[in-house]
Structure formats: C-alpha cells, structure tokens
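[1] Give me coordinates for this.
(one chain, ligands or ions: 2)
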Amino acid sequence: MPTTTIYTLIKQLLTKKATNPFPVKYTPDNMHAAAELIEKGEVEINPPVEIPENYRGKIKYDKECCIGCKLCVRVCPSEALIFKEDESKVKHYVSRCTFCGQCVDICPQDCFEFTDEFLVAGLDKESEDLVINP
Ligand code: SF4
Ligand code: SF4
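    Residues are numbered from 1 along each chain as shown. Ligands and ions are numbered 1, 2, ... in the order given. Okay, the predicted model is just below:
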C-alpha cells in the first residue's frame, strides 16, 4: 500500500498542472482589497496556466446574425437564455450558464462562440459583464 501511495505522489509531482495556482503569493485578509492591488499593478501575481484548445469560456453572442428561432432557448438546460419578444433576440445570463455548449451546437446561424474568458465571477450577477444583451 505505501508503495502505491508513493508512486501516486511522484506521478502527481511530475504531472503538468491543470489548474491555476492561487493568484496572489500570500493569503490576503481581504480578497477584494487584494484584487484592487492586483488591478493597480501593485502586487505581483502567479500567472494563469495556458488556456487549452477548445476551452469553454464566456460565450460570445452575435446579435446581428440571430434570426430569433428560439432553438437555443429550448435546449438551454439552465435557463441562461431568455427570449426577448420585443426584439426577437436572446438575453444571456452568464451567471446561470453551465458552459454545456448546447446553444453553440444547435444555433443554425452560428451566433454563439466560446471564448477564452474565464473570469466570470462577480458581485452583481445583473451587471453588464454578466448579462449579455440585457
Ligand atoms: S452553454 Fe449551455 S447553459 Fe450556457 S447558455 Fe448555452 S445552452 Fe445554456
Ligand atoms: S439559435 Fe441562434 S438564431 Fe436561433 S434564437 Fe438562438 S441565437 Fe438566435
């Protein structure tokens, strides 16, 4: 048994990391204060790991190509897409999205596209960053 554990530990040490290390090199008392310092460039951070090919980040919606067929709204399992009857376009709530990709696959116009953007957390889920085509 100890041999298996040692083998697993060595394997883990030699395996390429798949997750980002914690961005700051110390444990901050207040994460918001730390984020402000990072934004001002006053704190050096651990760089993020390279984003893999076909990463499913924040979805980009091309409103102009949308024909209002509602297929994406029907397949979305988390009610992240709401149809706006007044303009025949969709509204996307990023905070509800599970990045399953069903809307990307089904859209006949290819209006959706995954981006590399992974910073999708926020204090206000109704903010313009987290609601696309509000
Ligand atoms: S990726 Fe999935 S959860 Fe997100 S909006 Fe598209 S269908 Fe909905
Ligand atoms: S599936 Fe595509 S074209 Fe149809 S409503 Fe959704 S975004 Fe618009």
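
[2] surely Val24 meets Ile38?
    Yes: here Val24 reaches Ile38: they are 7.1 Å apart, a contact under C-beta atoms under 8 Å. All C-beta spots, glycine's among them, are computed from the backbone N, C-alpha and C.

[3] shared neighbours of those two, anything?
    With contacts defined as C-beta atoms under 8 Å, 6 or more residues apart in numbering, the residues shared by Val24 and Ile38 are Ile45.

[4] Lowest mean pLDDT among the helices and strands of this structure, which one is it?
    Least confident helix or strand, the chain: helix 31-39 with a mean of 82, by mean pLDDT, DSSP states H and E.

[5] Please enumerate residues in contact with it?
    Contacts to helix 31-39, defined as C-beta under 8 Å, 6+ apart, come from residues Pro23, Val24, Pro28, Val43, Ile45.

[6] Pick out whichever of these sits closest to Asp86.
    Pro23 (40.9 Å; C-beta to C-beta).

[7] how near is the closest one to Cys100?
    Taking C-beta to C-beta, to the nearest Å as the criterion, Pro23 is separated from Cys100 by 27 Å.

[8] same check, this time on Glu42
    Between Glu42 and Cys100 the computed distance is 38 Å (C-beta to C-beta).

[9] between these two, who's got more neighbours?
    Using other C-beta atoms under 10 Å, the more surrounded residue of Glu42 and Cys100 is Cys100, with 14 against 9.

[10] Restricting the selection to alpha carbons, write the lengthiest helix in the chain to PDB.
    In the chain, assigned by DSSP state H, the helix with the most residues is helix 2-14. Presented in PDB, the C-alpha positions along helix 2-14 are these (Å, rounded to 0.1, in the frame of the first residue of the first chain):
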ATOM      1  CA  PRO A   2       2.700   2.600   0.900                       C
ATOM      2  CA  THR A   3       4.300   1.800  -2.500                       C
ATOM      3  CA  THR A   4       1.100   2.800  -4.300                       C
ATOM      4  CA  THR A   5       0.900   6.000  -2.300                       C
ATOM      5  CA  ILE A   6       4.500   6.900  -3.100                       C
ATOM      6  CA  TYR A   7       4.000   6.100  -6.800                       C
ATOM      7  CA  THR A   8       0.900   8.300  -6.900                       C
ATOM      8  CA  LEU A   9       2.700  11.100  -5.100                       C
ATOM      9  CA  ILE A  10       5.600  11.000  -7.500                       C
ATOM     10  CA  LYS A  11       3.200  10.800 -10.500                       C
ATOM     11  CA  GLN A  12       1.300  13.900  -9.200                       C
ATOM     12  CA  LEU A  13       4.500  15.800  -8.800                       C
ATOM     13  CA  LEU A  14       5.600  15.100 -12.300                       C
END
